[in-house]
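quick one, structure for this:
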Amino acid sequence: MYSYHYICSKVDSHFSSVFENIECIPGDINELLKQVNNNPYFCRDQKAISYDYFLDSINNHTVIYITDDTDNIVGCCSIGINNKFIIIYGMSVPISCVNKRGTLLIQKVKELGYALKCSSITLATSETVKIFYEKNEFIVITDINRNIDDFISMVFYL
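Numbering: from 1, shown residues only. The predicted structure follows:
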């Protein structure tokens, strides 16, 4: 059984009640950082997201994370909330998932988007994990800037 937790950035703090309405409970930034810092494989092989970027994104943005029944953090996503859309800044699931933890995170972000009446969820990803997002119904919106670190812009329309 998994539990969902949230940590709102200062600019998103007024959304706390929306997180609680979608069954997220307040999280602990210190515990999150401790578990991420103590697990050198939290970002796997860093092909999808660098460890430093991921740490920066969870320190500076709103976070949704999943814990298992032993309180281990098994997935984390940093987001920004705009009036009309949600931006996913970073997502990491430390262990290869037969349990679909990444998909569970995406589903919770979608649920949040619907609750906030957003029009879309956007992200930039690498070719390495593009197929994961496509399986979760994201579509490529531009390949124009592929020469910039090979990032691909993707969107899910709510």
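
so what's residue 108 up against?
4, 22, 24, 64, 66, 77 (CB atoms under 8 Å, 6 or more residues apart in numbering). All C-beta spots, glycine's among them, are computed from the backbone N, C-alpha and C.

and what about it, helix, strand or coil?
Secondary structure, DSSP: H, G, I helix; E, B strand; the rest coil: residue 108 is helix.

pLDDT-wise, which helix or strand of the protein ranks last?
helix 51-60 (a mean of 84; mean pLDDT, DSSP states H and E).

and of the contacts of residue 108, the nearest to residue 41?
residue 66 (16.4 Å; CB to CB).

name the SS class of the closest one, please.
Here residue 66 takes the strand state, with states given by three-state DSSP.

pretty sure it contacts residue 74?
Yes - shown here, residue 66 and residue 74 form a contact pair, counting by CB atoms under 8 Å, at 5.3 Å.

what do those two both touch?
In contact with both residue 66 and residue 74: 2, 101, using CB under 8 Å, 6+ apart.

mind pulling up the pLDDT for residue 48?
As predicted, residue 48 sits at a pLDDT of 57.

and residue 98, by the same measure?
At residue 98, the model reports a pLDDT of 52.

and for residue 146?
pLDDT, residue 146: 52.

how about residue 37?
85.

spatially nearest residue to it, not counting backbone neighbours?
Excluding the flanking residues, the one nearest residue 37 by CB to CB, 6 or more residues apart in numbering is residue 55, at 7.9 Å.

cool, residue 19 as well?
residue 6 (4.2 Å).

what about the one you found, how many residues nearby?
22 (other CB atoms under 10 Å).

residue 8 against residue 16, yeah?
Yes - assessed by CB under 8 Å, residue 8 is found in contact with residue 16 at 5.8 Å.

these two: who's more crowded?
residue 8 (18 against 14).

from residue 119, how far off is that one?
Residue 8 is 21 Å from residue 119, where distance means CB to CB, to the nearest Å.
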